[in-house]
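Novice: the sequence isn't on hand, but the structure is:
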């Protein structure tokens, strides 16, 4: 009570003397994340989406991590642009292309479960990845059925036709 009276008298004297209190300081700017930090958070989201997160789970994650949808969408645009501007040749390892295909699939999944700018950018980027980086076509022998191996069961083991085990089976 005494504190309120003191504050009132202090403000009254300041008004009479023409002094106004300085305006409150603006809130400190939010620290911006590095690209590596955005990537780490975004990969957590994609992992969650892959195990079945819903729209609410993604929104809860963004709130808990104090991330804005628009900031993450802007980072994803930069990431996608860098990915698509990079050199890609047809001799890229199949593992790298398979990883990109998995990334594209998860981005597309995020695009389907979330609404807003992030989902639009994720869906577009995922579809672009799946289109630009297709898995190489593997041509099989024997009309697309792969290699066919004839096997003959012999005693306790397995022998391949034309193998010495077959002769042993016939001789026995």
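Specialist: Right, received. Where do you want to start? Everything numeric in this text was worked out from a predicted model, so none of it was measured.
Novice: who does the lengthiest helix in the chain touch, helix- and strand-wise?
Specialist: Ranked by number of residues, the top helix in the chain under DSSP state H is helix 94-113. For helix 94-113, the elements it packs on are helix 35-50, helix 55-64, helix 117-132, judged by 3 or more C-beta pairs under 8 Å, 6 or more residues apart in numbering; DSSP states H and E. In this view, the C-beta of every residue, glycine as well, is placed from N, C-alpha and C.
Novice: can you tell me which of the ones you listed comes nearest to residue 15?
Specialist: Checking the helices and strands packed on helix 94-113 against residue 15 by C-beta to C-beta gives helix 55-64 as the closest, at 42.2 Å.
Novice: what residues sit buried inside the closest one?
Specialist: Buried residues in helix 55-64, defined by neighbour count with 16 or more other C-beta atoms under 10 Å: 57-58, 61-62.
Novice: if you compare the helices and strands packed on helix 94-113, which one is most tucked away?
Specialist: helix 117-132 (a mean of 18; mean count of other C-beta atoms under 10 Å).
Novice: which elements pack onto it?
Specialist: Looks like helix 117-132 contacts helix 69-85, helix 94-113 (3+ C-beta pairs under 8 Å, 6+ apart).
Novice: now those in JSON lines, with mean pLDDT?
Specialist: Formatted as JSON lines, the helices and strands packed on helix 117-132 follow (pLDDT from 0 to 100):
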{"stretch": "helix 69-85", "mean pLDDT": "89"}
{"stretch": "helix 94-113", "mean pLDDT": "88"}
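Novice: make CSV from the ones you listed and add distance to residue 13 and mean neighbour count to it.
Specialist: What follows is the helices and strands packed on helix 117-132, written out as CSV (distance: least, C-beta to C-beta, whole Å; neighbours: other C-beta atoms under 10 Å):
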stretch, distance to residue 13, mean neighbour count
helix 69-85, 46, 15
helix 94-113, 59, 16
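Novice: dump these to JSON lines, plus distance to residue 17.
Specialist: As requested, these are exported to JSON lines (distance: least, C-beta to C-beta, whole Å):
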{"stretch": "helix 69-85", "distance to residue 17": "46"}
{"stretch": "helix 94-113", "distance to residue 17": "60"}
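Novice: thanks again, I'm all set now.
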